[in-house]
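Chemist: Have a look; sequence and predicted model below, questions after that.
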Amino acid sequence: MNNINPNKLHNSKWTAVQPHHKEKHFIVTKLRRNEEEQVVEVIIEAIHSNRETILAWQDLKDASIWKMGWK
């Protein structure tokens, strides 16, 4: 499990453990917050295709899917 501070996710880099469509490296481009200003979702962008995906920030904790940094 990756240990993450949700407030420091903006511009963080991630590597997909099992890439799809040649999309392996991602960067967090936006944070979505609720009414209490808590991070609830992140928008990640694939470096290869510039495709954006919305994820619950807790999904990045799963080390079987995501690695911190570009590897």
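Modeler: Here it is on my side, so go on. If you're wondering where the values come from, they're calculated on a predicted model, not measured in any experiment.

Chemist: quick one, strands of the chain?
Modeler: Assigned by DSSP state E, the chain shows strands spanning 13-20, 23-33, 39-46, 52-56, 66-68.

Chemist: As a markdown table, these with mean pLDDT would be great.
Modeler: Formatted as a markdown table, these follow (pLDDT from 0 to 100):
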| stretch | mean pLDDT |
| --- | --- |
| strand 13-20 | 95 |
| strand 23-33 | 97 |
| strand 39-46 | 97 |
| strand 52-56 | 96 |
| strand 66-68 | 95 |
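
Chemist: For Ile4, find the nearest of these.
Modeler: Of all these, strand 66-68 sits nearest to Ile4, with 8.2 Å by CB to CB. Bear in mind the C-beta positions are built from the backbone N, C-alpha and C, glycine included.

Chemist: neighbouring strands for the closest one, and are they parallel or not?
Modeler: With DSSP bridges as the test, strand 66-68 is paired with strand 13-20 (antiparallel).

Chemist: and the strand it pairs with, C-alpha only, in CSV?
Modeler: This file holds the C-alpha atoms of strand 13-20, laid out as CSV (Å, rounded to 0.1, in the frame of the first residue of the first chain):
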residue,chain,number,x,y,z
LYS,A,13,3.9,11.2,-11.0
TRP,A,14,2.6,7.6,-11.2
THR,A,15,3.3,4.4,-13.1
ALA,A,16,0.7,1.9,-14.0
VAL,A,17,1.7,-1.6,-13.0
GLN,A,18,-0.2,-3.1,-15.9
PRO,A,19,-0.3,-0.5,-18.7
HIS,A,20,-3.2,-0.3,-21.1
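
Chemist: Name the residues that touch it?
Modeler: 23-28, 44, 60, 63-71 (CB atoms under 8 Å, 6 or more residues apart in numbering).

Chemist: mind checking which of the strands of the chain is nearest Met1?
Modeler: Of all the strands of the chain, strand 66-68 comes closest under CB to CB, at 10.4 Å.

Chemist: And the contacts of that closest one?
Modeler: Here strand 66-68 has contacts from Asn2, Ser12, Lys13, Trp14, Thr15, Ala16, Val17, Asp59, Leu60, using CB under 8 Å, 6+ apart.

Chemist: how near is the first one to Gly69?
Modeler: It stands for Asn2. 10 Å (CB to CB, to the nearest Å).
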